[in-house]
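Student: Generate a structure from the sequence data that follows.
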Amino acid sequence: MDPSYDKYLSNVAKEIKASDIRELLAVIRKKPGVISFAGGLPDPATFPKKEISELAKYVIEEKGDLALQYSETKGILEVREALSKFLQDTKNIRVDPEDIIITTGSQQAIDLVTKTFINPGDIVVTENPTYLASLGTFRIYGAKVHGITIDEHGIKTDLLEKEIKRIRSEGGRIKFIYVIPVAQNPSGVTMSIDRKKHLMEIASTHDLIIFEDDPYSYFIYDEGVDTTILKQLDKEGRVIYVSTISKIMAPGIRIGWIVSPPELTRRFELVKQYLDLHSPTLNQYILAEAINRGLLKNHISKLAPYYRVKRDAMIKSMDEYFSREETWYIKPVGGLFLMVYVYKKGFDASNSLPIAIEKYGVAYVPGASFHTDGTGRNSMRLNFSYPSVEKIVEGVKRLNMLIRETAG
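Tutor: Numbers count the residues shown, from 1 in each chain. Next comes the predicted model:
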């Protein structure tokens, strides 16, 4: 008789839900010809394959005894020193290398911060909608998530402050405020400088920590847009800053980082020891070489012009085929995504997805998964970085036909 495994599973394993994106990508792979706006995949044409190959060869030949060995949990000092210089050069923040922890992608950074802070029943306040993999992580550890509405200027900080006061008045324990201030995933919205400053004031007044996720501010498409990161405004050590090379070099290298106050850095280091001992040593050395040789900064400079063409193609097509009276979306200043809300009666993005794939050959991520409160069934997240310009235009046409068919 085969064993019954369910009785051995933890509560976390029983309750965890599959990622809509991971599951959807598996379905799409089995259906060639589908135009996919679903994943957050960078265009492989942007990967600096030749340069990475040369760096890897150099690192293995010249530093192989170290690069192929175990390393310290916090990350190799040489790599943290390179990242410190990179952050000062690109983000205008001064960071002691001792206050940087190298992680296995930014998803591990999100997990690490959450695991360090959250007990079951604690509260995390986020933008609504927000990055669904963060939402999933918060909930795995038992957090209650409170979402605050966004508009074209980012999180509504007046509503945020009211919600903080309400939660506190009811005895709730807020552990941190999680935000993606620049080119937010999924909406594409960027916070105005006034709201960024107000958010920092709120954190100071109410003695709260801000968890800043910043994958996208390195490549921005438009001039004159404020892309200040919150860590630049942090005078009190309230911001935990997380970023990654996944979107600016290659996601397969799986390197991210956390910048935090010294007291927290040590806590994160101790927790990480029991997660994976350390992030891949070889990949860390490759990153350090990419930074020190100027390769990473030079590569980043090519991303905005490349992806701007695709962003513009999507927005132009949406402006042409979508009705502004029936849909809401913004023109993202950076990043890889935007969110479309459809206000035609009867449109449900989750229910319409099978029709989109089977009949129209186009895929997206239903927006409900990004929302904290069960709303957003009339929304869909679209990615413009992976498809070609021609497929973007055709895909938007197909989405318009889908909306016409499935909405009243």
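Student: For the biggest strand by length in the chain, give me every contacting residue.
Tutor: Longest strand of the chain, by residue count under DSSP state E: strand 144-151. With C-beta atoms under 8 Å, 6 or more residues apart in numbering as the test, strand 144-151 has contacts from 121-130, 135, 138-139, 155-156, 159-160, 163, 167, 172, 184, 187, 189, 371-373. Every residue, glycine included, has its C-beta placed from N, CA and C.
Student: I would like a PyMOL command selecting only the buried ones among the residues you listed, please.
Tutor: To isolate the buried subset of the contacts of strand 144-151 in PyMOL, counting by 16 or more other C-beta atoms under 10 Å, use the following:
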select buried, resi 122+123+124+125+126+127+128+129+130+135+138+139+155+156+160+163+167+172+184+187+189+371+372
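Student: Which of the contacts of strand 144-151 fall within strands?
Tutor: Those of the contacts of strand 144-151 lying in strands (DSSP E): 123-128, 155.
Student: Let's have the residues you listed in a markdown table, adding pLDDT.
Tutor: Formatted as a markdown table, the ones in strands among the contacts of strand 144-151 follow (pLDDT from 0 to 100):
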| residue | pLDDT |
| --- | --- |
| Ile123 | 98 |
| Val124 | 98 |
| Val125 | 98 |
| Thr126 | 98 |
| Glu127 | 98 |
| Asn128 | 98 |
| Ile155 | 98 |
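Student: Give me the nearest residue to Asn292, chain neighbours excluded.
Tutor: Take Asn292 and drop its neighbours on the chain: the residue closest to it by C-beta to C-beta, 6 or more residues apart in numbering is Ala82, 5.5 Å away.
Student: The longest helix seen in the chain - contacts with which helices or strands?
Tutor: Using DSSP state H, we find that the single longest helix of the chain is helix 295-321. Under the contact definition 3 or more C-beta pairs under 8 Å, 6 or more residues apart in numbering; DSSP states H and E, helix 295-321 sits against helix 49-67, helix 77-91, helix 281-292, helix 389-406.
Student: do you know which of the ones you listed lies nearest Tyr216?
Tutor: Of all the helices and strands packed on helix 295-321, it is helix 77-91 that lies closest to Tyr216, at 12.5 Å by C-beta to C-beta.
Student: closest to Asp319 out of the helices and strands packed on helix 295-321?
Tutor: helix 389-406 (9.7 Å).
Student: Can you list the buried residues in the longest strand of the chain?
Tutor: Neighbour counts over strand 144-151 (16+ other C-beta under 10 Å) mark 144-148, 150 as buried.
Student: now do stretch 83-93
Tutor: Counting neighbours by 16+ other C-beta under 10 Å, the buried set in stretch 83-93 is 83-84, 86-87, 90-91, 93.
Student: Could you do stretch 207-215 as well?
Tutor: Buried residues in stretch 207-215, counted by 16+ other C-beta under 10 Å: 208-215.
Student: quick one: terminal-to-terminal distance for that stretch?
Tutor: Length of stretch 207-215, first residue to last, C-alpha to C-alpha, to the nearest Å: 26 Å.
Student: quick check, distance from it to the centre of its chain.
Tutor: 13 Å (C-alpha atoms, centre = their mean, to the nearest Å).
Student: what does it contact?
Tutor: 106, 110, 113, 117, 131, 134, 164, 174-182, 185, 199-200, 202-203, 229-231, 234, 238-244, 246-247, 335.
Student: average pLDDT for that stretch?
Tutor: Computed over stretch 207-215, the mean pLDDT rounds to 98.
Student: what's the answer for stretch 247-264, then?
Tutor: Here the average pLDDT along stretch 247-264 is 96.
Student: With stretch 58-67 instead?
Tutor: 97.
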